[in-house]
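[1] Build me a model:
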Amino acid sequence: MNGTQYNVGFNGSKLSSNSQFATFNPSLSTRLSFGFTQPLLRDRGAGVVKLPITIARSRLRASEFNMRDQLMRLLVTSETVYWQVIQERESLQVAEEYLKLNDASLKRAQRSSNWGLCRPWRSTSRRRITPARRSRSPRRASA
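    You can find the predicted model right below:
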């Protein structure tokens with residue numbers, strides 16, 4: 001067997017005493033021990049030795065993928081915000097152009113009404129004053 005270790009131990013001692021109360025004189029004690037060691041994973045393949053390296057590599061790759069994912073999300077978010085800013089700028093330009101055209105149309109209408117080409121604008125709906133409104137009006141007929 002490759003790498004197998006064993007050991008055997010023996011210890012013996014003798015104790016003698018001149019005491020009257022000693023039950024056994026001389027006293028003998030012995031000790032015997034056996035040991036056996038067999039490394040089960042030794043020389044069972046390079047995978048056992050390379051396992052910590054493989055785990056470290058997989059953790060490194062996982063962290064690289066996480067970093068790339070965060071970077072891609074950041075890029076997508078920044079691109080989205082960029083195009084939103086462009087859209088808002090274009091919307092503002094369209095609104096400003098609309099206001100310019102509206103002002104020009106208003107000025108043209110005012111000029112044509114000053115020249116007498118068209119009648120001034122009047123409301124087609126007339127307000128009816130109800131009795132409740134008369135009581136609230138500032139001009140009250142005094143009795």
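
[2] ok so Tyr6 is a strand residue?
    Yes: Tyr6: assigned to a strand according to DSSP: H, G, I helix; E, B strand; the rest coil.

[3] separation between it and Leu28?
    Distance, Tyr6 to Leu28, by C-beta to C-beta, to the nearest Å: 27 Å. Placement of C-beta: from N, CA and C, glycine included.

[4] State the three-state secondary structure for Ser17.
    What three-state DSSP gives for Ser17 is coil.

[5] Tell me if I'm right that it and Asn25 touch.
    Yes: in terms of C-beta atoms under 8 Å, Ser17 counts as a neighbour of Asn25; the distance is 5.7 Å.

[6] quick one, phi psi at the residue in the chain sticking out farthest from the centre?
    Largest separation from the mean C-alpha position in the chain: Gln20, at 85.0 Å (C-alpha atoms, centre = their mean). The phi and psi torsions at Gln20 (degrees, to the nearest 10) take the values phi -70, psi -20.

[7] any idea of the pLDDT on it?
    For Gln20, the pLDDT comes out at 78.

[8] Mind telling me what element Pro39 is part of?
    Under the assignment given by DSSP states H and E, Pro39 is not contained in any helix or strand.

[9] SS state for the nearest residue to it once chain neighbours are set aside?
    With C-beta to C-beta, 6 or more residues apart in numbering as the criterion, Pro39 has its nearest non-adjacent residue at 4.8 Å, and that residue is Gly3. Here Gly3 is recorded as coil under three-state DSSP.
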